[in-house]
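Trainee: model this:
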Amino acid sequence: MRRQIRHYLPDHEAIRGNRWLRPFQNTLLHPRLWDLNRHSAAGAVAAGMFCGLIPGPLQMLGAAICAVVFRVNLPLAMLTTVYTNPFTIVPLYVVAYAIGQWVLPGPTQRFVPPPDWGEESFMAWIASLIDWMAGLGTPLALGLVLLATILAVAGYLLVKLAWRIYLVRAWRRRGRQRAGRQSAT
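Mentor: Prediction:
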């Protein structure tokens, strides 16, 4: 499984060659940030799932910081944040808002959809989108933290389980191969 995942991840030699990342070489070249095992992969997926709900373009930066702090696989943590994209972010925020309303006491408010781009300029639309998000307030903020935590724990446990299933199947396959070789001799 490690070989299959490693095929898609950059190696740490790319960091050495990148002039923009050279000042951070001591931190970014730590071996545990590039090691791929079931613990670092599960932690990286958890960090990426949690940071994926950070608003705006700071998701990968947040995942990178978490990977450095918790010493988990850096590229996998950053790659995992891609689950949030223009198609999934609104449904995820609606779910987060519903979770926040469910947890908070008091009367529930009806969810108001985000403003359409329509005829207004991009900057005016961004301003109205920020006003819309501010109006959602506490239920959305609490819901985002809770949903991010739920997704991180689920991602961590699923990676651990998938890796374990893969290992057990590989052990059994090798055992059958050994038994086949022994019976052939």
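
Trainee: correct me, but Trp125 touches Asp131?
Mentor: No: Trp125 lies out of contact with Asp131 (Cβ atoms under 8 Å); the separation is 10.7 Å. For glycine as for every other residue, the C-beta is placed from the backbone atoms N, C-alpha and C.

Trainee: out of the two, which sits in the busier spot?
Mentor: Trp125 (16 against 10; other Cβ atoms under 10 Å).

Trainee: Can you tell me the SS state at the residue nearest to that one when sequence neighbours are not counted?
Mentor: Spatially, and ignoring its direct neighbours in sequence, Trp125 is nearest to Trp117 (4.9 Å; Cβ to Cβ, 6 or more residues apart in numbering). Three-state call for Trp117 (DSSP: H, G, I helix; E, B strand; the rest coil): coil.

Trainee: And Pro57, by the same measure?
Mentor: helix.

Trainee: so where do the helices sit in this protein?
Mentor: 2-6, 13-17, 25-28, 31-34, 38-51, 59-70, 74-80, 89-103, 122-184 (DSSP state H).

Trainee: any chance of the ones you listed in CSV, with mean pLDDT and distance to Pro113 too?
Mentor: As requested, those are exported to CSV (pLDDT from 0 to 100; distance: least, Cβ to Cβ, whole Å):
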stretch, mean pLDDT, distance to Pro113
helix 2-6, 64, 38
helix 13-17, 66, 42
helix 25-28, 64, 41
helix 31-34, 76, 40
helix 38-51, 95, 25
helix 59-70, 92, 23
helix 74-80, 90, 28
helix 89-103, 90, 8
helix 122-184, 88, 9
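
Trainee: so who does the residue nearest the centre of the chain touch?
Mentor: With distances taken as Cα atoms, centre = their mean, Gly48 lies nearest the centre of the chain, 2.2 Å away. Contact analysis of Gly48 by Cβ atoms under 8 Å, 6 or more residues apart in numbering lists Ala63, Leu76, Ala77, Met78, Leu79, Thr80, Thr81, Tyr83, Gly155.

Trainee: quick one: contacts for the nearest residue to His39 once chain neighbours are set aside?
Mentor: The shortest distance from His39 to any non-neighbouring residue, by Cβ to Cβ, 6+ apart, is to Val72 (7.8 Å). Contact analysis of Val72 by Cβ under 8 Å, 6+ apart lists Arg32, Leu33, His39, Ser40, Ala41, Gly43, Ala44, Ala46, Ala47, Cys66.

Trainee: and the fourth one, how many residues sit next to it?
Mentor: Right, Ser40. Residues near Ser40, counting by other Cβ under 10 Å: 22.
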